[in-house]
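Asker: Below: sequence and its predicted model.
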Amino acid sequence: MSAVSRATQLASLGRPESGWANTPIVKGSTYLFDTLGQWRAARAQRETDRVLSYGARGNETVYALEDAITAIEGGYRSKLFPTGLAAIATTLFACLKSGDHLLISDGVYEPMRLLCETQLAKFGVTYSDFSPTDPHWERQLRPTTKMVYVESPGSLLYDMLDLPALSHVCKQRNILLCADNTWGSGINYQPLNLGCDISVVAATKYLGGHSDVMMGSVTASKACFAQIEQASINLGQTVSAEDAFLVLRGLRTLELRLQRHASSALHLAQWLSTHQTIRNVFHPALQGDANHALWQRDATGSNGLLTIEFDPALATEKIEQAIDGLQLFGIGSSWGGYESLVLPVDPQRTRLRDSKHGYLLRLHIGLEDPADLMRDLDSMLNHIT
Ligand SMILES: *Cc1c(COP(=O)(O)O)cnc(C)c1O
C-alpha cells in the first residue's frame, strides 16, 4: 500500500504518466505487429504477462482500470468482467471441478446461489450454506470442500464474517477463501488484506457510482490469478473500453461519494431506529447493530445501505401502499448509484426466516440532501400508522 491517503491515491490511479489527464478510450479488436517474430514473442509472453495482443484480452483503458482496482483491493492482479455476476461465475468455474464442494455464507447475492444450483450442479460441484452467526461453522466443511465463498458484509442484513478467523481455518486445510466485496467496494473493506485469496466486486455499484454501467472485477493472490485469467479467456469474457473509462471516472469520486452516502445513511438509520413503526434497523455503522464490533475492527468506512424491519403487527398491504407513495426513493434493483432506492427484502434469504419477523425493506441512501430524504421517509411512516 502506498504512503499517500486513499483520496490522493484515487485521484491518480490508472492515469497516464504524461499527456492526457485521463487514459483515452482505446477501441480495437486487432493489434498489429511488424514481424511474425514479434507476434510470436507476444503470444508466448502473454501466457505469463499482460501484453497487448488481441482486443478481448484488454487494451490500455482496460489495463488502467485493472491496475487501479488492484491498487485499492491490495492483491496481485485484477481481471474485469462485463457484470459482477460474470466475475463470480468465472471465478467459480476457474477454481472448482467435478467432485468439489463449495461452502457459501447465508445471504449471498441470490443469482450466485442460482448459479450453484443450476450450472455448477451440472458439472458435479455441490454446495451448502453456513450461517455467518454460527460459531461452529467449521463443522460444515467437508473433506471435498475446495472453496469457502462469503459475502461480508452481506447485502441484505449486512452480517459480517470474521475473515481473519475464517482464513486461518481455510489455510490449514488448503481451502480457497473468496469474498464478494461489493459492499466494501475496495475502500471500506479489504478482504485480501484480511486473509482472503480472491475478492470479487460488482463495480456496477459504488465504483461506477452513477447507475450507468455494468462491470465486475476479480482481484486475486498470485497463486490464484493465473487460473482465473485462463478461465476468463476460455469463457470469452471481456469488457468495453467505454465501460472501463466510466468506472475509472467513477473511482475519482469514490471516497467522496461514499462519505456522503455513509453519513446520510447513518443519520437516517439513527432516526429510523427510534421510530415507533420500526422494530429494527440493520446498518453495521449503527451503534447497537449486531455487526458493529466487527465492522469497527475490520472496516474503515460504511456506505448508503440500510435495511429496516417494520413492526410485525403492521399489515404488509399498508406498508406497501406507503412505499409506493415515496417521492424521492426509486423502486428498483441494484444500489451504489447517486440515487436513493428501496426494495423489499425476502426474509427467506436472511437469518430471520425462522423467527417471527416484520416486513423488511432495504434502503439505498443516495447523494440527495438527507433532510429531504428524511421528510420523504417520515411521510411514508406516517401513512402506515
Ligand atoms: C449487484 C451485486 C452483484 C452482481 O453485480 P452485477 O453487476 O449486477 O452482475 C454481486 N454481488 C453483490 C453483493 C451485488 O450487490
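Answerer: Received the coordinates, thanks.
Asker: and Phe123, what is it in contact with?
Answerer: For Phe123, the residues meeting the contact criterion (C-beta atoms under 8 Å, 6 or more residues apart in numbering) are 96-98. Using the backbone N, CA and C atoms, a C-beta is placed for each residue, glycine as well.
Asker: The stretch 51-200 of the chain against the ligand: which residues are in contact?
Answerer: Residues of the stretch 51-200 of the chain lying near the ligand by C-beta under 6 Å from any ligand atom: 83-85, 109, 151, 155, 180, 182.
Asker: swap the cut-off to 8 Å and go again
Answerer: 83-88, 108-109, 111-112, 151, 154-155, 180, 182-183, 200 (C-beta under 8 Å from any ligand atom).
Asker: now the residue of the chain found nearest the ligand, nearest residue through space, not along the chain?
Answerer: Of all residues in the chain, Gly84 sits closest to the ligand, at 2.3 Å by C-beta to the nearest ligand atom. Taking C-beta to C-beta, 6 or more residues apart in numbering as the measure, Gly84 lies nearest to Ala202, with 2.7 Å between them; neighbours along the chain are not counted.
Asker: so the one you found touches Pro82, yeah?
Answerer: No. Using C-beta atoms under 8 Å, Ala202 makes no contact with Pro82, being 11.3 Å away.
Asker: so what's in contact with these two at the same time?
Answerer: Counting by C-beta under 8 Å, 6+ apart, the contacts common to Ala202 and Pro82 are 215-216.
Asker: out of the contacts of Phe123, which one sits closest to Leu377?
Answerer: Closest approach between the contacts of Phe123 and Leu377, by C-beta to C-beta: Leu96, at 42.9 Å.
Asker: Quick check, the closest one in contact with Lys146.
Answerer: Yes. Contact criterion C-beta under 8 Å: Leu96 and Lys146 qualify, at 5.7 Å.
Asker: who has more neighbours, the two?
Answerer: The residue with more neighbours, out of Leu96 and Lys146, is Leu96; 22 against 18, by other C-beta atoms under 10 Å.
Asker: mind listing what the more buried one touches?
Answerer: Contacts for Leu96 were tallied using C-beta under 8 Å, 6+ apart; they are 102, 120, 123, 125, 146-147.
Asker: Could you point out which of the residues you listed is nearest to Ile72?
Answerer: For Ile72, the nearest member of the contacts of Leu96 is Met147. The distance, counting by C-beta to C-beta, is 23.5 Å.
Asker: Which residue, other than its chain neighbours, is closest to that closest one?
Answerer: The shortest distance from Met147 to any residue other than its chain neighbours is 4.4 Å, reached at Leu176 (C-beta to C-beta, 6+ apart).
Asker: Report how many residues lie close to that neighbour.
Answerer: Here the count is done by other C-beta under 10 Å, and Leu176 has 22 residues near it.
Asker: Next up, phi/psi of it, please.
Answerer: Reported as degrees, to the nearest 10, the phi and psi values for Leu176 are phi -80, psi 140.
Asker: how about the strands of the stretch 251-385 of the chain, start to end?
Answerer: Counting by DSSP state E, counting those that start in this stretch, the stretch 251-385 of the chain has strands at residues 278-282, 305-310, 330-331, 341-344, 360-364.
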